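1. here is my input; please provide its structure:
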Amino acid sequence: MSKRYKVCPLFWSDYGGKRTLMNMGVFEELLNEGWKILRVDTMPPTELRNNAVTATNVYILEMEANDD
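-> Sure thing, here's the model as predicted:
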């Protein structure tokens, strides 16, 4: 069996003074579809307004491929 891979970054974004976790819905859908977390890496922090700092978590997902 072969495997498939996807990359899904999760990060905070500052929209109009309101912080939002980006890609959470996509990440949740992928996990519900059967994708498994293979690895998690963190990218260096990014500076937002008001001296806030955020890092990006990058999830590497894996799923068995249907070789039908």
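
2. which strand or helix spans the spatially most central residue of the chain?
-> Central residue of the chain (C-alpha atoms, centre = their mean): residue 9, 2.9 Å from the mean position. Residue 9 is located in strand 3-15, with elements delineated by DSSP states H and E.

3. buried residues, that strand. List them.
-> 8, 10-11 (16 or more other C-beta atoms under 10 Å). The C-beta positions use only the backbone N, C-alpha and C, and glycine is treated the same way.

4. tell me which of those residues is nearest to residue 31?
-> Nearest to residue 31 among the buried residues of strand 3-15 is residue 8, at 9.3 Å by C-beta to C-beta.

5. pretty sure that closest one contacts residue 24?
-> No. Applying C-beta atoms under 8 Å as the test, residue 8 and residue 24 come out as separate, 9.7 Å apart.

6. would you mind getting the angle between the helix or strand where residue 59 lies and strand 3-15?
-> Per DSSP H and E: residue 59 is located in strand 53-64. Computed by axes from the mean of the first three to the mean of the last three C-alpha atoms, to 10 degrees, the angle separating strand 53-64 from strand 3-15 equals 160 degrees.

7. outside of strand 53-64, which residues touch it?
-> Residues from elsewhere that reach strand 53-64, judged by C-beta atoms under 8 Å, 6 or more residues apart in numbering: 1-12, 27, 30-31, 33-48.

8. tell me which helix or strand of the chain sits lowest on mean pLDDT?
-> Every helix and strand of the chain was ranked by mean pLDDT, DSSP states H and E. The lowest is strand 18-22, at a mean of 84.

9. nothing else from me, thank you.
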